[in-house]
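S.K.: Provide a 3D model corresponding to the input given below.
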Amino acid sequence: MRAPLTDTTGILAEEAHGAVRRLTLLRPLRRNAMDGALVEALAMALRRLDRDESVRAIVLDGAAPGFCAGSDLKYISALELDAMRRFEQACGDLGRLMSFLSKPVVAAVEGFAIGGGLTLAACCDLVVAAKGSRWSLPEVPIGWLTPWGLKALVARVGFVRARTLCFCLEALSGEEAAAMGLADRLAEDGQALADALRHAALLAELPPPAVAATKRFFARHVMAEGEAMDVEANLLFAANCAAPAARAAFDTFRAKSL
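M.R.: Model prediction:
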């Protein structure tokens, strides 16, 4: 049974599909980029759904035009460095949280998964990518290291390929993301959500204790040293923020916010 899409926060919508719950990032005018309110709302929703015995799987997607454009640079450019680091730390906490939930989380990626949007998808248990979706980590060209989620990326594609993706010499298509293991399933354009809901329903039919045990076992390995890697990336990100390229980027986005 499907319940209507409900927007309870202004930035995150929720929809019930039987034992599957869909969460939709709802900042389309900002390309579903993450600010403090969205990160907090998503973390709270995930924890609440994990406690709800009627929910057995979760699907995460973004309102058109795409999945998520990562950190909202207009938002973070207005923050002092310490506040900026705390925000990126909260993003990393959110990414690792999904591994340690008892319920599986399935990402449905249409349009794009950029920067933190890519690492957010990589942190999910199953990733469905539309063939025409675009994937990239543009942080290094802007002036800083990707500040969180690199352990999930490494777990999916390996260290060497993860490093190449961080250099962001070119964007990936959904087909290329699936070929390297960044995405688990490939869907026709416009069908990523339907495919994600279908696989979430299959997961929801499995015995919950066995699903939870499987998640817990692999979380210890997939996210091993994940927190330490996020801390180190955050420190390097902060150092990068003092360099001319990063300062120029923040000045550009700060000017746009005036």
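S.K.: How about residue 247: what's its closest non-neighbour residue?
M.R.: residue 241 (7.4 Å; Cβ to Cβ, 6 or more residues apart in numbering). Every C-beta, even on glycine, is put in place using the N, C-alpha and C of the backbone.
S.K.: Any regions of the protein where pLDDT drops low?
M.R.: For the chain, the stretches flagged by pLDDT under 70 are 1-9, 257-258.
S.K.: how close does the residue nearest to residue 247 get to residue 99?
M.R.: The gap separating residue 241 from residue 99 is 28 Å, by Cβ to Cβ, to the nearest Å.
S.K.: These two: which is more packed in?
M.R.: The residue with more neighbours, out of residue 241 and residue 99, is residue 99; 22 against 19, by other Cβ atoms under 10 Å.
S.K.: mind checking the SS state of that one?
M.R.: helix (DSSP: H, G, I helix; E, B strand; the rest coil).
S.K.: Counting neighbours, what do you get for the closest residue to it other than its chain neighbours?
M.R.: Distance criterion Cβ to Cβ, 6+ apart; nearest residue to residue 99, sequence neighbours excluded, is residue 219 at 4.2 Å. Neighbour count for residue 219, taken as other Cβ under 10 Å: 17.
S.K.: Distance of residue 219 relative to residue 239?
M.R.: From residue 219 over to residue 239 (counting by Cβ to Cβ), the distance is 30 Å.
S.K.: same check, this time on residue 194
M.R.: Using Cβ to Cβ, we find residue 194 at a distance of 44 Å from residue 239.
S.K.: could you list every residue that touches residue 227?
M.R.: Applying Cβ atoms under 8 Å, 6 or more residues apart in numbering, we find residue 227 in contact with 92, 96.
S.K.: How about the backbone phi and psi for the residue nearest to residue 99?
M.R.: The phi and psi torsions at residue 219 (degrees, to the nearest 10) take the values phi -60, psi -40.
S.K.: right, and it touches residue 98 too?
M.R.: No: counting by Cβ atoms under 8 Å, residue 219 sits too far from residue 98 to count as a contact (9.2 Å).
S.K.: Pick out the residue closest to the middle of the chain.
M.R.: residue 120 (1.4 Å; Cα atoms, centre = their mean).
S.K.: And the strands in the stretch 51-200 of the chain?
M.R.: In the stretch 51-200 of the chain, the strands defined using DSSP state E, counting those that start in this stretch lie at 57-62, 105-109, 112-114, 126-130, 134-136, 172-173, 185-187.
S.K.: Direction included, what does the second one pair up with?
M.R.: I take that to be strand 105-109. Partner strands and pairing direction for strand 105-109 (DSSP bridges) are strand 57-62 (parallel), strand 126-130 (parallel).
S.K.: roughly how far is that strand from the heart of the chain?
M.R.: In terms of Cα atoms, centre = their mean, to the nearest Å, the centre of strand 105-109 is found 9 Å from the chain centre.
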